[in-house]
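Colleague: the sequence and its predicted three-dimensional model are supplied below.
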Amino acid sequence: MISREALAYHAGRILNTVRTEAAIDWAMAEMCNGKDSPTLRILAGLNWDVSPFEIENLFERACRELAYSLPARSDAIFEYMVQRARRYKAKVIDLQTLCDEGWSAYLHEHSDGRMQPWGEIYGILDVAAALEREPDLKAIEAQIDAFLARAEANPNPKSKIQNRESVSTRRR
């Protein structure tokens, strides 16, 4: 079963929205949550000035050692956006951040019908900008709610994602 943090990092790699150093944070969090493997230890102990290619390689190797099956591209992006939308609803991230990430996800996976609400949200924002008006926040909220409702009604059957919050181990 893959952790939400590993999924977020994997999706972020696909979307080009994550720092490679986040893999180091993920490895430290996994170890704090009781996971262990030789490569996970190496990754958790790295400095942030290591080559991004080396970090990517170590991340994938650590996932294999932990028997984490990385989801396919479209499933990773979908699951990541479900996670981000839930965090928005819990007021952990702001609407601008969610919409920016949703648009990036839509651009990467626009052929995946599950991502359609993010295209609709972009349309709402685009029309508002063209008319120099405030966007219709109720319509945006309705699209986010519809996205989450569809995700709840049709969960990804291949998804094996742990539903837990990890210990925060951010390096300063």
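Modeller: Yep, that arrived.
Colleague: for the rest of this, base every contact and every neighbour count on C-alpha atoms.
Modeller: Noted.
Colleague: domain-wise, how is the chain divided?
Modeller: For the chain, the structural domains run 4-65, 73-153, going by automatic domain parsing.
Colleague: output those as JSON lines; include the columns mean pLDDT and mean neighbour count.
Modeller: Output for the domains of the chain, formatted as JSON lines (pLDDT from 0 to 100; neighbours: other CA atoms under 10 Å):
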{"stretch": "domain 4-65", "mean pLDDT": "88", "mean neighbour count": "18"}
{"stretch": "domain 73-153", "mean pLDDT": "91", "mean neighbour count": "16"}
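Colleague: name the SS class of residue 141, please.
Modeller: Assigned with DSSP: H, G, I helix; E, B strand; the rest coil, residue 141 falls in the helix class.
Colleague: surely residue 8 touches residue 80?
Modeller: Yes. Shown here, residue 8 and residue 80 form a contact pair, counting by CA atoms under 8 Å, at 5.7 Å.
Colleague: common neighbours of these two, please.
Modeller: With contacts defined as CA atoms under 8 Å, 6 or more residues apart in numbering, no residue is shared by residue 8 and residue 80.
Colleague: and the spatially most distant residue from the centre of the chain, how far from residue 124?
Modeller: Most distant residue from the mean C-alpha position of the chain: residue 131, 31.8 Å away (CA atoms, centre = their mean). Distance check for residue 131 against residue 124: by CA to CA, to the nearest Å, it reads 11 Å.
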